[in-house]
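Chemist: dropping the sequence and predicted coords here.
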Amino acid sequence: MKASSLKEIKTELDLLHPSQLKELCTRMAKFKKENKELLTYLLFESQDEDAYIKGVKEQMDEQFSEVKKGRVYEAKKQVRKILTFVNKQIKYSGSKRTEVELRIYFCQELKKTGITLSASTFLGNLYLRQYLNMQKALATLHEDLQFDYSEAIRSL
């Protein structure tokens, strides 16, 4: 089966009755956890982006508290898992402001863990990639926001 284009899907969705649309969304949510998470974000959390960011930061705090600092290999795996979680939340939001804020927070928390980034080239490169990603996202924001976030980035 070949997937239809986004334009074809949009036109078909315009033709559906709201009850049919609701049925399709719930059916789609049953198949993949990510679909359900995205629908949850869109329905309940997208109205208050600041509360969403705060909630994601709290979850990151919990995950960073479990990072084992003694063994670099295990710390690497846990940090990668946290980054996967953060990237997923950024993808759900789609907002560059949210992306910059969460990446800054991720880098700050990574530095707070006490893991020496030079001990592992993987962690050093991961940190550098996040820094470059936040610089790229920062360039697309409004000038006032760029100034506010650039101060936090300099501290990294």
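Modeler: Structure received.

Chemist: what is the burial count for residue 26?
Modeler: Number of residues near residue 26 (other Cβ atoms under 10 Å) recorded here: 11. For the C-beta atoms, the positions are set from N, CA and C on the backbone; glycine is no exception.

Chemist: ditto for residue 116
Modeler: 11.

Chemist: and for residue 133?
Modeler: Counted by other Cβ under 10 Å, the residues lying close to residue 133 total 16.

Chemist: one more: residue 83?
Modeler: Residue neighbour count, defined by other Cβ under 10 Å, stands at 18 for residue 83.

Chemist: so what's it scoring on pLDDT?
Modeler: We have a pLDDT of 95 for residue 83.

Chemist: contact partners for it?
Modeler: Each residue near residue 83 by Cβ atoms under 8 Å, 6 or more residues apart in numbering is listed here: 106, 126, 130.

Chemist: looks like the last one contacts residue 106 (just checking).
Modeler: Yes - the pair residue 130 and residue 106 qualifies as a contact (Cβ atoms under 8 Å) at a distance of 6.1 Å.

Chemist: tell me the helix or strand right after the top helix by length along the chain.
Modeler: In the chain, assigned by DSSP state H, the helix with the most residues is helix 72-93. On the C-terminal side of helix 72-93, the closest following helix or strand by DSSP states H and E is helix 96-112.

Chemist: show me what the helix or strand just after that next one is packed against.
Modeler: Downstream of helix 96-112, the next assigned helix or strand under DSSP H and E is helix 121-138. Here helix 121-138 touches helix 72-93, helix 96-112, helix 143-154, going by 3 or more Cβ pairs under 8 Å, 6 or more residues apart in numbering; DSSP states H and E.

Chemist: okay, those in CSV with distance to residue 121 next?
Modeler: Converted to CSV, the helices and strands packed on helix 121-138 look like this (distance: least, Cβ to Cβ, whole Å):
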stretch, distance to residue 121
helix 72-93, 10
helix 96-112, 15
helix 143-154, 23
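
Chemist: nearest to residue 137 among those would be which one?
Modeler: helix 96-112 (4.6 Å; Cβ to Cβ).

Chemist: and that closest one with helix 121-138, angle?
Modeler: 150 degrees (axes from the mean of the first three to the mean of the last three Cα atoms, to 10 degrees).

Chemist: for helix 96-112, buried residues please.
Modeler: Of all the residues in helix 96-112, those buried under the rule 16 or more other Cβ atoms under 10 Å are 96-107, 109-110.
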